[in-house]
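>>> here is a sequence together with a model predicted from it:
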Amino acid sequence: MRQIVLDTETTGLDWRNGDRVIEIGCVELLNRSLTGRHFHVYLNPGRGIDAEAVAVHGITEDFLADKPKFADVAADFEDFVRDAELVIHNASFDVGFLDNELSLQGRGKLDRLCVGVIDTLKLAKEQNPGKKASLDALCDRYEIDNGHRELHGALLDAELLAEVYLAMTRGQESLIMSLDDDEPATRLGDADGVARVRVPVKVLRACESELQAHDGVLADIAKANKGLCLWLPPEEPAAA
């Protein structure tokens, strides 16, 4: 499973008003492990940058004056993300900007390049309704060190988001059986033809005293509910 954790910085908040992408940062996950491969580029947008945006990311027009245009890096960007699943925080924002950049070059949008998008902002709100879901808040929640993050930066934020995403979805790892277990494992073929590993499960059966205690609890439930207990078989009607 190949995933690309992605972030962008922009000249402003809305590509519909002519705002452009000025930084792209991506890191690669393969089977939920960072590979060390990344894609990072600063871009000359050919327009001014809102003062509010500069206050967030610190990227100035002077800094970008000698940087490439998006058209110069579009092919390399497509090659890096092609056929991967994207992981993005507030995905609609970044996808909207990148789709606009690709469209301006007559290229296909991300949904034609990639197999899907996971929005970690949406995921965080589903997992913890009512709690803060910013990247900084999630770093605090999952105890990920972001002390070096004074300003937003696409590559740094992508690296932090990768750690946050892995922490948010760590429960999935319990479904992956280790081949190094002491217990013998049986390899089975699923309907899709992919081999799965099944580790024998140790069954603990109730002893006599535990069974008696269980029956006592069911009897108490039946008594409190005038003989009704879902876990007891219905009483047979008395013979005439």
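Sure, I can see it.

>>> domains of the protein?
Taking automatic domain parsing as the reference, the chain has its domains at 2-175, 202-232.

>>> redo those as TSV? Include mean neighbour count and mean pLDDT.
Glycine gets a C-beta too; all of them are placed from N, C-alpha and C. What follows is the domains of the chain, written out as TSV (neighbours: other CB atoms under 10 Å; pLDDT from 0 to 100):
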stretch	mean neighbour count	mean pLDDT
domain 2-175	17	93
domain 202-232	10	76
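
>>> packing partners for the helix or strand hosting V5?
Under the criterion of DSSP states H and E, V5 resides in strand 2-10. Secondary-structure packing of strand 2-10 (3 or more CB pairs under 8 Å, 6 or more residues apart in numbering; DSSP states H and E): strand 21-30, helix 51-57, helix 70-81, strand 85-88, helix 91-104, helix 154-168.

>>> could these be laid out in a markdown table, adding distance to L138?
A markdown table is the format used below for the helices and strands packed on strand 2-10 (distance: least, CB to CB, whole Å):
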| stretch | distance to L138 |
| --- | --- |
| strand 21-30 | 16 |
| helix 51-57 | 18 |
| helix 70-81 | 23 |
| strand 85-88 | 13 |
| helix 91-104 | 15 |
| helix 154-168 | 5 |
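
>>> out of these, nearest to P129?
The minimum distance between P129 and the helices and strands packed on strand 2-10 falls on helix 154-168, with 14.3 Å, by CB to CB.

>>> any idea of the angle the closest one forms with strand 21-30?
Helix 154-168 and strand 21-30 are oriented at 40 degrees to each other (axes from the mean of the first three to the mean of the last three CA atoms, to 10 degrees).

>>> show residues contacting helix 154-168.
Taking contacts as CB atoms under 8 Å, 6 or more residues apart in numbering, the residues outside helix 154-168 that touch it are 5-9, 23-27, 29, 32, 34, 38, 40, 87-89, 118, 120, 123-124, 127, 135, 138-139, 142, 144, 146, 148-149.

>>> on that earlier part again, can you give me the offset of the strand holding V5 from its chain's centre?
Computed by CA atoms, centre = their mean, to the nearest Å, the chain-centroid distance of strand 2-10 equals 12 Å.

>>> partners of it in the sheet?
strand 21-30 (antiparallel), strand 85-88 (parallel) (DSSP bridges).

>>> got a list of contacts for it?
Residues outside strand 2-10 that contact it (CB under 8 Å, 6+ apart): 19-30, 53, 56-57, 59, 80-81, 83-89, 94, 97-98, 114, 118, 152-155, 157-159, 161-162, 165.

>>> same question for stretch 45-58.
Against stretch 45-58 from outside (CB under 8 Å, 6+ apart): 9-13, 18-23, 59-61, 64, 69, 151-153.

>>> let's go with 10 Å and repeat that
Residues from elsewhere that reach stretch 45-58, judged by CB atoms under 10 Å, 6 or more residues apart in numbering: 8-13, 17-23, 59-61, 63-64, 67, 69-70, 101, 150-154, 157.

>>> could I have the CA atoms of that stretch written out in CSV?
Only the C-alpha atoms of stretch 45-58 are listed here, as CSV (Å, rounded to 0.1, in the frame of the first residue of the first chain):
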residue,chain,number,x,y,z
PRO,A,45,3.5,32.0,-8.4
GLY,A,46,3.9,35.0,-10.8
ARG,A,47,1.8,37.2,-8.5
GLY,A,48,1.8,38.8,-5.1
ILE,A,49,1.4,37.0,-1.7
ASP,A,50,-1.2,38.1,0.8
ALA,A,51,0.3,39.6,4.0
GLU,A,52,-1.9,37.3,6.1
ALA,A,53,-0.4,34.3,4.2
VAL,A,54,3.2,35.5,4.7
ALA,A,55,2.5,35.8,8.5
VAL,A,56,1.5,32.1,8.4
HIS,A,57,4.3,30.5,6.4
GLY,A,58,6.9,33.2,6.1
